[in-house]
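A.B. asks: quick one, structure for this:
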Amino acid sequence: MKQKRNVCKDSPEFLPMSLEAGNDRGWQEFDVIIVTGDAYVDHPGFGTSIIARVLEDEGYRVGIIAQPSWENTDDFKKLGRPRLFFAISAGNTDSMVSNYKPSKRLRHEDAYSPGNKTGLRPNRATIVYSNRLKESFPDVPQIIGGIEASLRRFAQYDYWSDKVRQSILADSPADMIVYGMGELQIVEIADILDKGGSISDVRDIDGTVWKMDIRSWREKHDEMLIDSIEIPSYTEISKDKELYAKAFRIIYQEQDHTCGKRLIQPHPKTVIIQNKPMRPLTCKELDHVYELPYTRQAHPSYKDVIPALDMVKFSINTHRGCFGSCSFCAITLHQGRIISSRSIDSIIREAEGFKDVKGFKGTINGLGGPSANMYGMYCKKWEKKGTCREKSCIYPEICPSLDTSHKKLIDLMQMLRGTDGISRIFVGYGVRYDLALMDEEYMEELCAHHVSGQLKVAPEHYCDHVTDTMNKPSREVFEIFERKFNEINRRLGKDQYLVPFLMSGHPGCTLKDMIETAEYLRDTGRYTKQVQDFTPTPMTVSTCMFHTGMDPFSRKKIYVAKSQKDKNIQRAMLHYKEASNYNLVYEGLKRANRLDLIGNSWNCLIGRKKGVKRQR
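C.D. replies: Numbers count the residues shown, from 1 in each chain. Model prediction:
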C-alpha cells in the first residue's frame with residue numbers, strides 16, 4: 001500500500017533515476033515508473049515532473065527513466081518492475097515535431113535534451129517505449145499520456161507519413177491513454193490499482209481512453225452506444241476525406257467535460273473508446289499542483305544545459321485553457337477552452353520562492369498560460385452548460401457573455417511588482433491583442449512595467465480570408481493594437497516595439513495571398529525574421545483542413561498548398577530580401593504573373609536576373 005511521505009518543501013529532492021537513489025529513500029521497489037522522451041527537469045513547465053510530483057504527493061514511490069536508449073531493453077529494466085504501472089510520455093512535444101522541421105528534414109537541435117543534442121528520442125517515441133516495456137515486463141499495465149498520446153488518441157492524419165494512422169492506442173500495446181491535463185486521472189488510476197483493482201476494470205474515469213476487442217464490441221454494441229456517439233471508423237476515414245472531417249467535427253464538439261459524450265471509433269483489430277474530458281482543476285487544486293516541491297533544476301546527472309529549462313526556469317504559469325481556438329493550435333483538444341486560474345496568493349508564494357533557486361536575479365521572464373492575458377476570465381455559461389458547440393468565444397467577435405475584464409490580472413501584476421526580491425516581470429509573448437484592446441488599463445500596465453523592449457505578438461497573416469481560416473483577428477484589429485501600443489509608449493517615453501510572428505502555407509493561403517502580404521510588408525516596414533511554415537500537427541482544425549481540403553464545420557472547400565515546393569515558395573515570399581530565397585521568390589512571381597515586382601524600382605521585391613529583360 002502507498003505511504004504518505006512528508007516532503008520538505010525547504011529542501012526538495014529530485015525523484016530517483018536509479019535503484020540506488022530509490023534505496024537511499026528506503027524504497028525496495030517503485031510504485032510507478034515514468035518513462036519520458038525529455039531529459040528529466042524538475043520544473044512545473046514539464047509535464048513529466050508535474051505528474052511525478054502529484055503522484056509523490058499522494059504517497060506513491062515514483063521513479064524516472066528519461067530518454068532511454070531504445071535499441072534494446074536494458075534502460076527500460078534499470079529501475080525494475082513497478083508495483084502498479086508504467087506511465088509513458090514522448091515528452092513536452094510530439095516526437096515527430098521534436099525530430100523534424102516543417103520541411104520534413106531532421107532538426108539539428110532538441111531543446112529538451114542536454115546540450116541541444118538530437119537523436120536521444122525515437123520517432124513515435126510513445127509507441128517505441130511501449131513496445132520495449134512490453135518486451136521487458138509483459139504483465140505490467142501501461143498508461144500513456146502527454147501531448148503525443150493525447151493528440152493521437154483517435155485515428156489521425158500524420159503529416160510525416162502523409163497518411164491516416166490508427167489511434168496510438170491501437171498501434172501500441174499500452175492499456176490506456178490519459179488525455180488532456182492528467183493529474184486527476186493518474187491519481188485515480190493509481191488508487192484503483194493500489195487497492196487491488198485490475199487495469200482491465202478501469203473503464204469509467206473521465207479524461208481516459210481505453211480499448212475493447214472486436215468480439216466484445218459486437219456483443220455489447222447496442223449497450224455501448226447508450227449515451228455514446230460512434231464516429232466514423234479508421235477504415236472509413238482513411239478512405240473518405242468527408243468522413244474524416246465529420247469524425248473530427250464530432251470529436252471537437254464533444255470536447256467538453258460538462259456535456260461531452262463518450263466517443264467510440266472502431267479500428268480493424270480493436271475499438272477505441274474515449275470517455276468524456278476530465279473537469280479542469282479547481283483554483284485550490286491548481287494552486288496545490290504548482291506549489292509542490294519542484295527544484296526548478298535539471299537533474300544533476302546532466303553535464304550539459306537543457307535549453308528548454310532556460311526558457312521557462314523563472315516563469316510562472318498563472319492559468320490553463322484557452323478560448324482563442326486558433327485553428328492551428330491543439331490546446332482546445334488538450335487543455336480545453338475553459339480557463340482555470342490560480343489564486344494570486346499562490347502565484348505570489350511561487351515568486352517569493354524564486355529567491356531560493358540558484359541563478360535567480362530578480363527577473364520573472366514569463367507570466368501567463370497558453371495566452372498571457374486570459375487569467376481570471378470567465379463565462380457564466382461554462383459551469384452549467386459548458387462551452388458553446390457552434391460558437392467561438394472571441395471570433396469573429398468577442399461574445400458579450402464572456403467576462404473580458406483584465407482586473408484580476410492587473411491586480412496580480414501590481415502585487416507581484418511589490419513582492420520582495422522581484423525587480424522585473426516581463427510578459428514577452430502570448431498577449432491576445434484583440435482582448436487587450438478591450439481594457440486600456442491593462443495596456444497601460446503592460447507597456448509601463450512588463451515589456452522588456454520588445455513584445456512578441458502573432459497576427460500570423462495580413463490577408464483577412466486567411467486569418468478567417470486561422471480563427472484569428474483581422475489585419476485591422478492588429479493595426480489598431482499597434483497604433484494603441486505605439487501611442488501609449490510615446491506617452492510613457494518608452495522605446496518599445498512589437499515583433500510580429502507570421503505563418504506561411506496555412507490552409508486557405510494562396511500564392512497570390514503571399515505576394516500581397518510581401519507587398520504589405522514592403523509598404524509598412526513590417527518585414528520580420530519571425531516566420532514559420534505551417535506544420536500539420538495531430539488533432540488541429542488546420543491539419544484537418546490540410547488533409548481534407550475542406551473546413552470541417554462549414555464543409556466549404558479550401559485551397560491547400562501541399563507540395564514542398566509550393567510551401568517553400570510561400571515561405572520565401574515573407575523573406576523576399578534574403579539572397580538565398582531569390583530563385584524561389586522569382587519562380588513564385590513568375591507563376592503568379594507578377595513580373596512587375598522584379599526590377600530596380602522602389603516597389604519591386606527582387607532585382608532582375610542578369611541577362612533577363614523585364615517583361616511588360
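A.B. asks: quick check: buried residues in stretch 440-456?
C.D. replies: 442-443, 445-447, 449-451, 455-456 (16 or more other CB atoms under 10 Å). No exception for glycine: its C-beta is placed from N, CA and C like everyone else's.
A.B. asks: hmm, I typed the wrong one, I wanted stretch 307-319.
C.D. replies: For stretch 307-319, burial by neighbour count (16+ other CB under 10 Å) applies to 308-309, 312-319.
A.B. asks: can you list these in TSV and add pLDDT, secondary structure and distance to residue 266?
C.D. replies: Below are these laid out as TSV (pLDDT from 0 to 100; DSSP: H, G, I helix; E, B strand; the rest coil; distance: CB to CB, whole Å):
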residue	pLDDT	secondary structure	distance to residue 266
308	97	helix	38
309	96	helix	42
312	94	helix	40
313	95	coil	45
314	96	coil	48
315	96	strand	43
316	97	strand	44
317	97	strand	38
318	97	coil	41
319	97	strand	37
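A.B. asks: mind listing the strands for the stretch 1-150 of the chain?
C.D. replies: Applying DSSP state E, counting those that start in this stretch to the stretch 1-150 of the chain gives strands spanning 32-36, 41-42, 62-66, 85-89, 142-145.
A.B. asks: quick one: closest of the ones you listed to residue 235.
C.D. replies: Residue 235 sits nearest to strand 142-145 of all the strands of the stretch 1-150 of the chain, at 23.1 Å, using CB to CB.
A.B. asks: in the chain, which helix has the most residues?
C.D. replies: helix 475-492 (DSSP state H).
A.B. asks: what sits up against that one?
C.D. replies: The contact list for helix 475-492 (CB atoms under 8 Å, 6 or more residues apart in numbering) reads 433-434, 436-437, 440, 443-444, 447-448, 455, 457, 459, 462-464, 467, 495-496, 498, 500.
A.B. asks: stretch 107-114 now?
C.D. replies: With contacts defined as CB under 8 Å, 6+ apart, stretch 107-114 is touched by 37-39, 67, 91-93, 98-101, 116-118, 120-121, 298, 302-308, 311.
A.B. asks: same question for stretch 121-128.
C.D. replies: 37-38, 67, 70, 88-91, 95-96, 98-99, 110, 113, 144, 146, 148-149, 152, 160, 168, 171-172, 174.
A.B. asks: can I get the CA coordinates of that stretch in PDB?
C.D. replies: Provided in PDB are the C-alpha atoms of stretch 121-128 (Å, rounded to 0.1, in the frame of the first residue of the first chain):
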ATOM      1  CA  ARG A 121      14.400  10.200 -28.600                       C
ATOM      2  CA  PRO A 122      13.000   7.900 -31.300                       C
ATOM      3  CA  ASN A 123      10.400   8.700 -33.900                       C
ATOM      4  CA  ARG A 124       6.900   7.900 -32.500                       C
ATOM      5  CA  ALA A 125       8.500   7.600 -29.100                       C
ATOM      6  CA  THR A 126       5.400   6.600 -27.200                       C
ATOM      7  CA  ILE A 127       4.900   3.500 -29.400                       C
ATOM      8  CA  VAL A 128       8.600   2.600 -29.300                       C
END
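A.B. asks: buried set for that stretch?
C.D. replies: 121-122, 124-128.
A.B. asks: what about burial for the contacts of stretch 107-114, which qualify?
C.D. replies: 37-39, 67, 91-93, 98-100, 116, 120-121, 298, 302, 306, 308.
A.B. asks: close enough to count as contact, residue 88 and residue 145?
C.D. replies: Yes - with contact defined as CB atoms under 8 Å, residue 88 counts as touching residue 145 (7.4 Å).
A.B. asks: what helices or strands is the following helix or strand past the longest helix of the chain leaning on?
C.D. replies: Scanning forward in sequence from helix 475-492 by DSSP states H and E, the next helix or strand is strand 497-504. Of the remaining helices and strands, those touching strand 497-504 by 3 or more CB pairs under 8 Å, 6 or more residues apart in numbering; DSSP states H and E are strand 454-460, helix 475-492, strand 531-533, helix 564-574.
A.B. asks: repeat that with 6 Å
C.D. replies: Contacts defined by 3 or more CB pairs under 6 Å, 6 or more residues apart in numbering; DSSP states H and E place strand 497-504 against strand 454-460, strand 531-533, helix 564-574.
A.B. asks: which one of these lies nearest to residue 515?
C.D. replies: helix 564-574 (6.1 Å).
A.B. asks: following the closest one, which helix or strand comes up?
C.D. replies: Using DSSP H and E, the helix or strand that directly follows helix 564-574 along the chain is helix 582-591.
A.B. asks: picking that back up, save the strands of the stretch 1-150 of the chain as JSON lines, and put in mean pLDDT and distance to residue 220 too.
C.D. replies: As requested, those are exported to JSON lines (pLDDT from 0 to 100; distance: least, CB to CB, whole Å):
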{"stretch": "strand 32-36", "mean pLDDT": "98", "distance to residue 220": "31"}
{"stretch": "strand 41-42", "mean pLDDT": "97", "distance to residue 220": "44"}
{"stretch": "strand 62-66", "mean pLDDT": "98", "distance to residue 220": "36"}
{"stretch": "strand 85-89", "mean pLDDT": "98", "distance to residue 220": "25"}
{"stretch": "strand 142-145", "mean pLDDT": "98", "distance to residue 220": "24"}
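A.B. asks: how about these in TSV, adding distance to residue 196 and mean neighbour count?
C.D. replies: Output for the strands of the stretch 1-150 of the chain, formatted as TSV (distance: least, CB to CB, whole Å; neighbours: other CB atoms under 10 Å):
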stretch	distance to residue 196	mean neighbour count
strand 32-36	16	27
strand 41-42	31	24
strand 62-66	20	23
strand 85-89	14	27
strand 142-145	17	28
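A.B. asks: for those, give me a markdown table that also has distance to residue 422.
C.D. replies: Shown next, in a markdown table, are those (distance: least, CB to CB, whole Å):
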| stretch | distance to residue 422 |
| --- | --- |
| strand 32-36 | 31 |
| strand 41-42 | 22 |
| strand 62-66 | 31 |
| strand 85-89 | 32 |
| strand 142-145 | 34 |
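A.B. asks: just the ones of the contacts of stretch 107-114 in helices?
C.D. replies: Residues of the contacts of stretch 107-114 located in helices (DSSP H): 98-99, 307-308, 311.
A.B. asks: among those residues, show me the least confident.
C.D. replies: Least confident entry in the ones in helices among the contacts of stretch 107-114, by pLDDT: residue 311, with 92.
A.B. asks: can you tell me the closest non-neighbouring residue to it?
C.D. replies: Nearest non-adjacent residue to residue 311, counting by CB to CB, 6 or more residues apart in numbering: residue 111, 7.4 Å away.
A.B. asks: and if you look at residue 404?
C.D. replies: Spatial nearest neighbour of residue 404, excluding adjacent residues (CB to CB, 6+ apart): residue 438 at 4.7 Å.
A.B. asks: gap between residue 178 and residue 227?
C.D. replies: Distance of residue 178 to residue 227, computed by CB to CB, to the nearest Å: 22 Å.
A.B. asks: go on, residue 513?
C.D. replies: Per CB to CB, residue 513 is found 44 Å from residue 227.
A.B. asks: got the domain ranges for the chain?
C.D. replies: Following automatic domain parsing, one finds the domains of the chain at 19-212, 499-616.
A.B. asks: deepest-packed of those, please.
C.D. replies: domain 19-212 (a mean of 20; mean count of other CB atoms under 10 Å).
A.B. asks: so what's residue 170 up against?
C.D. replies: 267, 270 (CB atoms under 6 Å, 6 or more residues apart in numbering).
A.B. asks: output the strand or helix carrying it as PDB, nothing but the C-alphas.
C.D. replies: Taking DSSP H and E as the criterion, residue 170 maps to helix 168-171. Extracted as PDB, the C-alpha positions of helix 168-171 are listed here (Å, rounded to 0.1, in the frame of the first residue of the first chain):
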ATOM      1  CA  ILE A 168      -1.900   5.500 -30.900                       C
ATOM      2  CA  LEU A 169      -3.700   3.100 -28.500                       C
ATOM      3  CA  ALA A 170      -4.300   0.700 -31.400                       C
ATOM      4  CA  ASP A 171      -0.700   1.000 -32.600                       C
END
